[in-house]
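Visitor: sequence plus the predicted model coming up.
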Amino acid sequence: MEYFSFLTDPQLLGALVTLAALEIVLGIDNVVFISILVSKLPEEQAKRARQIGLGLALVFRIALLFVLSWIMKLTAPVISFSDYNFSWRDIILLVGGLFLIAKAIHEIHNLIEDDHEVSIGDKAKAAFSFIIMQVIIIDLVFSVDSIITAVGMAQDIRVMIAAVLVAVAVMYMASGPVSDFITKHPTTKMLALAFLILIGVALVADGFGVHIPRAYVYSSMAFAGIVEFFNVLASNKRKAKKRNDAVN
């Protein structure tokens, strides 16, 4: 029980709550990305893909916590180009950001070009292993950034592990409803893809040493999400009214 003694220390408990909240916010990106990917799969496979994706997110984060000395070396410059010095962390963020942007643009193109509804049979053709591979890539990117943030905020590894466990548990509970909502309301998928482009740009900027405050990014996402929520409500009411008029 000595391992959990930090729960009785007000200072460490405060650090845990703060760090867990931050990790949950940072996990929004992961949840949106996984929700977009698994929307192509049949329901049973989609659930399994979400479980695998979030399970890997947990494994990556905890594994990286136990190699903190290696993690901190990732912030040391390894490549110099013009006036920029790139560390491995910068390179990971650049590659991950570009991957997110490319993936989101590709999905937006598919949404615009495909004017027919995707059938269950077509969804089944989506390669499960390929989707999991994409989830692994983005899990790794977000895990590195998340753990470096955790290291900067807390010095006690027990606090960091507890915060990661809380954050992934919340991500797991939120992933199903988010995925279902995106699947049932196609217009929200376009909004979610726009979010991924925004997050990708923020990651690329971080890679170049230009930090865009995440408060700006997430507040913009929250505002757009609220507007879309009311738009969905209005759309549902119009559809219900049309059904009632048709019956009468």
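Guide: Sure, I can see it. Numbers count the residues shown, from 1 in each chain.
Visitor: low-confidence ranges, this structure, go.
Guide: Residues of the chain meeting the criterion pLDDT under 70: 1-9, 12, 68-69, 71-72, 114-126, 149-155, 248.
Visitor: can you show me the strands along it?
Guide: If you assign secondary structure with DSSP state E, the strands in the chain sit at 77-81, 84-87.
Visitor: show me where this protein has its helices.
Guide: 10-38, 43-65, 68-73, 88-113, 120-124, 128-153, 157-184, 186-207, 214-247 (DSSP state H).
Visitor: grab the most central residue of the chain for me.
Guide: With distances taken as Cα atoms, centre = their mean, Asn30 lies nearest the centre of the chain, 1.6 Å away.
Visitor: and it, what is it in contact with?
Guide: Listed by Cβ atoms under 8 Å, 6 or more residues apart in numbering, the contact partners of Asn30 are Gly53, Leu54, Ala57, Ile138, Asp139, Phe142, Met171. C-beta coordinates here come from the backbone N, C-alpha and C atoms, glycine included.
Visitor: most packed of the strands of the chain?
Guide: Of all the strands of the chain, strand 84-87 carries the top mean neighbour count, a mean of 15, counting by mean count of other Cβ atoms under 10 Å.
Visitor: show me what counts as buried in stretch 103-110.
Guide: Across stretch 103-110, burial judged by 16 or more other Cβ atoms under 10 Å covers Lys103, Ala104, Glu107, Ile108.
Visitor: would you format those residues as TSV with distance to Leu65 included?
Guide: Shown next, in TSV, are the buried residues of stretch 103-110 (distance: Cβ to Cβ, whole Å):
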residue	distance to Leu65
Lys103	27
Ala104	29
Glu107	32
Ile108	35
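Visitor: on that earlier part again, nearest to Glu44, of the contacts of Asn30?
Guide: Distances from the contacts of Asn30 to Glu44 were compared by Cβ to Cβ; the smallest belongs to Gly53, at 15.0 Å.
Visitor: ok, and the closest non-adjacent residue to the closest one?
Guide: Nearest non-adjacent residue to Gly53, counting by Cβ to Cβ, 6 or more residues apart in numbering: Val135, 4.0 Å away.
Visitor: how close does the one you found sit to Val141?
Guide: Noted for Val135: a distance of 11 Å to Val141, by Cβ to Cβ, to the nearest Å.
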